[in-house]
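*Asks:* show me how the following folds:
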Amino acid sequence: MTVRFETQPDLEAAITTLVAQDARLGPVLAAAGMPALRRRPAGFSGLAAIVTGQQVSTASAAAIWGRLATHYDPFEAHRIARTRATTLARLGLSQPKIRTLKALATAVVDGFDLDALVDRPADEAHGMLTALHGIGPWTADLYLLFCLGHADAFPAGDLALQEASRIVFALPARPTARDLGAIADAWRPWRGAAAHLLWAYYRVAKGREGVLRATATPQPG
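*Replies:* Okay, the predicted model is just below:
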């Protein structure tokens, strides 16, 4: 059965279980504190917002999404499928993102049910999303984790997670997505909880110039 993070206690229970399962994460929790659950709206608008935020600053992503959400209120797939690319460009979207959003909108109009992915195993749901034009692994995992609350989604390509893992496990270099994915296999079925914990640690570690380090080794015990 697929497990979801619906409330803060859900996340806290998962992290408690995770730390008991992998003692290397105990110092991470002690340094970072219990992270807050991060959730976003699901469905077409939720995935579209993630696509909008790819490879731009947080401020730029918020500004572009604000223009889109104001122009298309409500922000629905059938409206984006019919809109002109030039209109989306004027609102701040790049051509690759325009192609992705229009392809996604068409898929949803044709019957792709984004919300139904909540009941799929993480790897299966990930594969269904990445089969859509322009939806890469990072985008797919963020949607599963933040929009659907999937407890086992893990965006191994996220730079902050990679850097946090480098610090936590004293790695000689930032791990690749493949390397981090292999490390995260030890945290199934709570990889989403591990992601929340590592993001929280990253913010603390970078805030203190990387002084904080967990007394952990890179390989599972």
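*Asks:* centroid-nearest residue for this structure?
*Replies:* Nearest to the mean C-alpha position of the chain, by Cα atoms, centre = their mean, lies Leu142 at 2.2 Å.
*Asks:* am I right that Asp152 is in a helix?
*Replies:* No: Asp152 sits outside any helix when classified using DSSP: H, G, I helix; E, B strand; the rest coil, being coil.
*Asks:* measure it to Asp141 for me?
*Replies:* Asp152 is 10 Å from Asp141, where distance means Cβ to Cβ, to the nearest Å. Placement of C-beta: from N, CA and C, glycine included.
*Asks:* what do you get for Thr83?
*Replies:* 28 Å.
*Asks:* okay, these two: which has more neighbours?
*Replies:* Asp141 (27 against 17; other Cβ atoms under 10 Å).
*Asks:* contacts only, for the more buried one.
*Replies:* His126, Ala153, Phe154, Pro155, Ala156, Gly157, Asp158 (Cβ atoms under 8 Å, 6 or more residues apart in numbering).
*Asks:* same thing but at 6 Å, please
*Replies:* Ala153, Pro155 (Cβ atoms under 6 Å, 6 or more residues apart in numbering).
*Asks:* Val109 too?
*Replies:* Ala77, His78, Ala81.
*Asks:* filter these down to the buried ones.
*Replies:* Buried members of the contacts of Val109, counted by 16 or more other Cβ atoms under 10 Å: Ala77, Ala81.
*Asks:* out of the contacts of Val109, who's nearest Ile64?
*Replies:* Ala77 (18.2 Å; Cβ to Cβ).
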